[in-house]
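Chemist: test case, fold it:
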Amino acid sequence: MILLSIALIVYTPTSKKIVDICSPLFQLGSVETQILQITLMEQGGLYEQVGDRLKEKGYEHHILVGINAKDQILVKVVLANREANEHKQKEIIAIFNDYIIKNSLDPQIFQVKVSNDESINW
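Modeler: Numbers count the residues shown, from 1 in each chain. A predicted model of the protein is given here:
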């Protein structure tokens with residue numbers, strides 16, 4: 001069983017709202033990964049950049065993130081207004097990966113999923 005924590009929910013249809021709901025399980029990641037996760041959550045950070053791009057493309061969404069026991073950053077893009085079919089999943093993951101590269105981050109530390117499911121199941 002993968003232990004993880006939800007570290008952030010970003011809701012971007014209209015205004016930016018960032019709600020920090022860190023749990024004790026956030027401590028699963030190394031200090032470096034925890035610091036990186038916090039940096040990604042900052043205004044202008046990766047999650048806001050991706051959220052802005054998705055909003056431009058007409059996606060209403062939430063971004064859920066956490067850290068698992070393998071020290072990976074888990075990212076789940078939850079679509080609110082469209083079905084997360086295979087085509088949409090590939091499109092959104094490609095957008096996310098593009099911003100990972102633009103921000104000079106290591107794609108290997110991210111596990112990205114696109115879904116209509118708002119649960120914390122990755």
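Chemist: if I pick the closest residue to residue 116 other than its chain neighbours, what's in contact with it?
Modeler: Distances taken as CB to CB, 6 or more residues apart in numbering place residue 84 nearest to residue 116, at 4.9 Å, with adjacent residues excluded. Where you see a C-beta, it was placed from the backbone N, CA and C, and this is true even at glycine. Residues near residue 84 by CB atoms under 8 Å, 6 or more residues apart in numbering: 114, 115, 116.
Chemist: now do residue 36
Modeler: Residue 36 makes contact with 73, 109, according to CB under 8 Å, 6+ apart.
Chemist: name the element the spatially most central residue of the chain belongs to?
Modeler: Geometric centre of the chain, nearest residue: residue 75, 3.3 Å, by CA atoms, centre = their mean. For residue 75, the host element (DSSP states H and E) is strand 73-79.
Chemist: rewinding a little: most neighbours among the contacts of residue 84, which one?
Modeler: residue 114 (22 neighbours; other CB atoms under 10 Å).
Chemist: residue ranges for the helices of this structure, please.
Modeler: Here the chain has its helices, by DSSP state H, at 31-41, 46-56, 86-102.
Chemist: before we move on, the earlier item: mind giving me the packing neighbours of the strand holding residue 75?
Modeler: Strand 73-79 is packed against helix 31-41, helix 46-56, strand 61-67, helix 86-102, strand 110-115, with contacts defined by 3 or more CB pairs under 8 Å, 6 or more residues apart in numbering; DSSP states H and E.
Chemist: ok, and what's touching it?
Modeler: With CB under 8 Å, 6+ apart as the criterion, strand 73-79 contacts 4, 29, 33, 36-37, 40, 47, 50, 54, 59-68, 88, 92, 96, 109-118, 122.
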